[in-house]
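Visitor: output the structure for:
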Amino acid sequence: SARLSERASAAATHENGWPYLACSEVLHPISANNVTDMFPPREWRPADVAPFCLKQFHSTARFHWLPDSMGMAEGASGLARVTSHVIFSNGLLDPWSAQSVTINVSDTLIAINIPDGSHHSDLGSPPNPRPEPADSEHMRAARRAELALVREWLLPPTAESSKSELPSADTSSSSKRPGQAAARDAHS
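Guide: Okay, here's the model as predicted:
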C-alpha cells in the first residue's frame with residue numbers, strides 16, 4: 001500500500017540522515033588502531049570518503065564546511081566571532097568529547113565537563129530521561145549550571161538572580177562561583 005511505502009521511505013531517509021551529514025557537512029576524521037581503542041584498525045582518508053559520498057548521495061564531501069561555517073577554522077577561539085550563548089556540555093566518558101570544546105572560550109561560550117558523564121547523559125536521553133536520585137554529584141552540578149546559565153541568558157535580571165551562584169564549569173570541583181564571573185575568571 002501507499003502508506004507502507006511512505007513508512008519504508010521515511011525509515012530509509014532516517015537511516016541515511018547521519019551518513020549524509022557525515023558526507024556533506026559534519027565530516028569527522030576518526031580512525032582506529034586497535035591499540036588505544038577497541039575497534040579494528042581503520043585509517044581515515046579523505047581519498048576514501050569523497051568517492052563514497054559521491055556514489056551514495058551524489059554529494060561532494062565538503063571537508064572544510066564545518067570549521068569554516070562555524071568559525072572553527074582557527075579552533076574554538078574563532079567561535080566567538082560567529083556565535084555566542086552556547087553551552088558545550090561534555091560527558092568525558094563519551095569518546096566524542098575528544099573533539100569538543102572543553103574550555104570556556106568566552107563569557108557566553110561555556111564548557112561544562114562531566115567526568116562521569118556519557119553521550120547526552122545530562123540532557124536526559126534514555127535510559128536517563130530525567131534527573132534521578134542515583135545521578136552523580138557531577139551530573140547534578142552540570143544540570144544546575146546549565147539551567148542557571150540558560151535562565152541567566154534568557155530571563156531579565158532581578159535582585160534575587162544577581163545573588164545566585166553557579167557551580168563552576170568544571171563539575172569535578174566542588175567550588176562555586178557567581179554566574180558569568182566563573183567564565184570571566186577562567187579567561188583572566
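Visitor: quick one: low-confidence parts of this protein?
Guide: Scanning the chain for pLDDT under 70 picks out 1-14, 125-129, 159-188.
Visitor: which residues in it form helices?
Guide: 2-24, 46-57, 65-69, 137-154, 179-186 (DSSP state H).
Visitor: pull out the buried residues from the fourth one.
Guide: So the one you mean is helix 137-154. 138, 139, 140, 141, 142, 143, 144, 145, 146, 148, 149, 152 (16 or more other Cβ atoms under 10 Å). Bear in mind the C-beta positions are built from the backbone N, C-alpha and C, glycine included.
Visitor: which other helices and strands does it contact?
Guide: strand 86-91, strand 109-114, strand 165-167, helix 179-186 (3 or more Cβ pairs under 8 Å, 6 or more residues apart in numbering; DSSP states H and E).
Visitor: sheet-wise, list the partners of the first one with their directions.
Guide: Within its sheet, strand 86-91 is paired with strand 109-114 (parallel), according to DSSP bridges.
Visitor: convert the C-alpha atoms of the strand it pairs with to CSV, please.
Guide: The C-alpha trace of strand 109-114 is given here as CSV (Å, rounded to 0.1, in the frame of the first residue of the first chain):
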residue,chain,number,x,y,z
LEU,A,109,30.7,30.2,25.2
ILE,A,110,30.8,27.9,28.2
ALA,A,111,32.2,24.4,28.5
ILE,A,112,30.8,22.1,31.2
ASN,A,113,32.8,18.9,31.6
ILE,A,114,31.2,16.0,33.4
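Visitor: for that strand, the distance to its chain's centre please.
Guide: Taking Cα atoms, centre = their mean, to the nearest Å, the mean C-alpha location of strand 109-114 is offset from the chain mean by 10 Å.
Visitor: could you do stretch 40-52 as well?
Guide: A distance of 24 Å separates the centroid of the chain from that of stretch 40-52, by Cα atoms, centre = their mean.
Visitor: how long is that stretch end to end?
Guide: With Cα to Cα, to the nearest Å as the measure, stretch 40-52 spans 20 Å from end to end.
Visitor: which other residues reach it?
Guide: Residues outside stretch 40-52 that contact it (Cβ atoms under 8 Å, 6 or more residues apart in numbering): 23, 27, 29, 30, 31, 32, 33, 34, 60, 61, 63.
Visitor: Serialize the residues you listed to JSON lines and add fields for distance to residue 50.
Guide: Conversion of the contacts of stretch 40-52 to JSON lines gives the following (distance: Cβ to Cβ, whole Å):
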{"residue": "23", "distance to residue 50": "9"}
{"residue": "27", "distance to residue 50": "10"}
{"residue": "29", "distance to residue 50": "13"}
{"residue": "30", "distance to residue 50": "16"}
{"residue": "31", "distance to residue 50": "16"}
{"residue": "32", "distance to residue 50": "20"}
{"residue": "33", "distance to residue 50": "23"}
{"residue": "34", "distance to residue 50": "25"}
{"residue": "60", "distance to residue 50": "7"}
{"residue": "61", "distance to residue 50": "5"}
{"residue": "63", "distance to residue 50": "8"}
